[in-house]
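A.B. asks: please find the sequence and the predicted model below.
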Amino acid sequence: MDSSTAIQQLRTDCNQISAQITHMHPLVAKLNDPATQSEVIKALFELTKQVEVVKKHLIKLEKRDGSTLV
């Protein structure tokens, strides 16, 4: 597998993870426990931030790889 294929696969996986996290948010309200809901929302937010960090690094890598070809 080459770098561009790996980047694309990682991007696809990140998008799937993001979609799953988004799907989970409405379910938190059904927990009916404010303390648990608060902690779960915080954890989901942290997961979202980390997925965005991965995507940001992929974009940087892609730009760097592209610039070396010029």
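C.D. replies: Great, that's in hand.

A.B. asks: ok, Asn15 to Gln8 distance?
C.D. replies: To Gln8, Asn15 is 11 Å away according to CB to CB, to the nearest Å. Bear in mind the C-beta positions are built from the backbone N, C-alpha and C, glycine included.

A.B. asks: just give me the neighbour total for Leu44.
C.D. replies: For Leu44, the number of neighbouring residues by other CB atoms under 10 Å comes to 16.

A.B. asks: give me the pLDDT value at it.
C.D. replies: As predicted, Leu44 sits at a pLDDT of 97.

A.B. asks: what's the local residue count around Arg11?
C.D. replies: 15.

A.B. asks: go on, Leu27?
C.D. replies: Leu27: 9 neighbours (other CB under 10 Å).

A.B. asks: likewise Ile17?
C.D. replies: Going by other CB under 10 Å, the residues that sit close to Ile17 add up to 16.

A.B. asks: then Asp33?
C.D. replies: So Asp33, with other CB under 10 Å, has 10 neighbours.

A.B. asks: do Val53 as well
C.D. replies: Count around Val53 with other CB under 10 Å applied: 11.

A.B. asks: can you give me the distance of it to Gln20?
C.D. replies: 17 Å.
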